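In: quick one: sequence and predicted model below, then my questions.
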Amino acid sequence: MMKWLCGFLFLTLLLAGCADEKRSPLDTSIYNGNNDKIGTATFKEVPEGVEVKLTVEGLEPGVHAVHIHEFPKCEAPDFQTAGNHFNPMSKDHGLMNTKGPHVGDMANVEADGSGLVDATLMLPEATLKEGQKSLLRKEGTSIVIHSGQDDGMSQPAGDSGERIACGKVTLKASEDETSDPTDPDMKQDKG
């Protein structure tokens, strides 16, 4: 009986590990407001959280904010359907905020003179595994690039400008479901 129980437990743990491996790495296509594919983001579970390898072209040269938003919806041209920043712990916005950050807050990226971004970012509080901080919980989330830089403190979204590119972070598409941002007063959030 004990051998059977140990074997069953081992098999369960093995299958659970395999399920998590299908979630990482996860490639996401990123589109601009004209629905042109401009790059990819690769999400990988690492001991420090989730690593995001971002390769994008066609941006205005300069510094741009990048955030994870709460819904896997990227309706152009303004991507407001992505909702607010992914914030399952209800913290304040900003990597420099002592009452933050949101789980979806990341460092700014810089597009070179030709508009290319090739950066590796970290989401230390996020996971691709099951759980409240999972980028894949419920139907998923989205990655959004903004026209300006995140100042690291301003509420609710870092004064980072318009949403200019978006990619769905999900295991499967769910186009036919509708969701509104969690706080109706923040629907016009530009960050």
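Out: That came through fine. Numbers count the residues shown, from 1 in each chain.
In: just checking, what packs against the helix or strand that contains residue 143?
Out: Per DSSP states H and E: residue 143 is located in strand 141-146. On a contact count with 3 or more CB pairs under 8 Å, 6 or more residues apart in numbering; DSSP states H and E, strand 141-146 meets strand 26-32, strand 49-56, strand 66-69, strand 163-169. Backbone N, C-alpha and C define where each C-beta goes, glycine included.
In: enumerate every residue touching residue 112.
Out: For residue 112, the contact set (CB atoms under 8 Å, 6 or more residues apart in numbering) comprises residue 61.
In: residue 131 versus that one, what's the distance?
Out: As judged by CB to CB, to the nearest Å, residue 112 and residue 131 stand 36 Å apart.
In: before we move on, what about residue 25?
Out: 18 Å.
In: same check on residue 168?
Out: Distance from residue 168 to residue 131, by CB to CB: 20 Å.
In: do the same with residue 28
Out: With CB to CB as the criterion, residue 28 and residue 131 are 20 Å apart.
In: so between those two, which is more surrounded?
Out: residue 28 (23 against 11; other CB atoms under 10 Å).
In: grab the nearest non-local neighbour of that one.
Out: Spatial nearest neighbour of residue 28, chain neighbours left out: residue 167 (4.2 Å); criterion: CB to CB, 6 or more residues apart in numbering.
In: which residues touch that neighbour?
Out: 28-31, 40-41, 74, 142-143 are the contacts of residue 167 under CB under 8 Å, 6+ apart.
In: 6 Å instead, please
Out: 28-30, 41, 143 (CB atoms under 6 Å, 6 or more residues apart in numbering).
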